[in-house]
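A.B. asks: Pasting the sequence and the predicted coordinates here, then a few questions.
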Amino acid sequence: MIDFTPKATNDMVFSNNTSRTTIHSILDGELPFPKNGISGLLFYGVYGSGKTTYADIFCNELEITRGGQQGTANFHSIDCGKVTNFSKTIQNCEGCCNWIPLTYSNLVYFIFDEVDNLKLNEQRLLKTFMNRENIVCILTTNHLNRVDDGVRDRCYEIDFNAANHNDYLPRLRQLIDEHNLQSLSDRLLLKLVEQSNGSWRKLGNYLSYHCEKKKNFSVVSSVKTAVETAK
């Protein structure tokens, strides 16, 4: 099974210039974060677009930019779709903040996955928690309209919906080269991008299938040519 999982920000294909610039500005230290009441990033977009995967990547890269080492970000992941007592969850998060973070940045990172599953009163608890200093909250959602306005106001919003089709081509060519796959035409790659509609799960499967299909076709053609030549 070929692993197309991104390993760094540079592997990501962001939906638009604003989202891309915001992320790079934070990581480059040009945009203060967390600062002035904004302690979160809200990743929103279609299923399979890499929101949760990139949450881990961002936390580690931000820690590195603050002088830390790879894998040293002190982050806690909360699946909001499975939490049965969010009030207790927030209490546990607050407890994590009361300890001296074992990180160079002194930041504590929290990933709240599928935050739209929280009820309104639960989102208000989250909103209050986000007022703390020295925390970074990464929120993910497939339904931006279900996220409380107060929570959104404490976040920079990063769009993970489908990007311009041509923006995917450099990354797809890179994946083909890295995994020594059969090359595909830009026309076919763009067709696969269109069919996937922003989902890297689908796009990865489509890419694997068509590269393998072309490889098998090439092998059959080579054998056929060899047989005909030997006659």
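C.D. replies: Arrived safely.
A.B. asks: ok, residue 165 to residue 190 distance?
C.D. replies: Applying C-beta to C-beta, to the nearest Å, the value for residue 165 to residue 190 is 5 Å. Placement of C-beta: from N, CA and C, glycine included.
A.B. asks: Pull the contacting residues for the residue nearest the centre of the chain.
C.D. replies: For the chain, the residue nearest the mean C-alpha position is residue 54 (2.7 Å; C-alpha atoms, centre = their mean). Residue 54 is in contact with 6, 9, 12, 43, 160, counting by C-beta atoms under 8 Å, 6 or more residues apart in numbering.
A.B. asks: and the last one, what does it touch?
C.D. replies: Just to be clear, that refers to residue 160. Counted by C-beta under 8 Å, 6+ apart, residue 160 has contacts 14, 15, 19, 43, 44, 45, 46, 49, 50, 51, 54, 198.
A.B. asks: Closest to residue 138 out of those residues?
C.D. replies: Of all those, residue 43 has the smallest distance to residue 138: 6.7 Å, by C-beta to C-beta.
A.B. asks: what's near enough to touch the nearest residue to that closest one once chain neighbours are set aside?
C.D. replies: Nearest non-adjacent residue to residue 43, counting by C-beta to C-beta, 6 or more residues apart in numbering: residue 51, 4.0 Å away. Counting by C-beta under 8 Å, 6+ apart, residue 51 makes contact with 43, 44, 45, 140, 160.
A.B. asks: Among those residues, which lie within helices?
C.D. replies: Secondary structure assignment by DSSP state H places none of the contacts of residue 51 in helices.
A.B. asks: Which member of these is positioned nearest residue 66?
C.D. replies: For the contacts of residue 51, the residue nearest residue 66 by C-beta to C-beta is residue 43; the value is 20.5 Å.
A.B. asks: That concludes my questions; thank you for your assistance.
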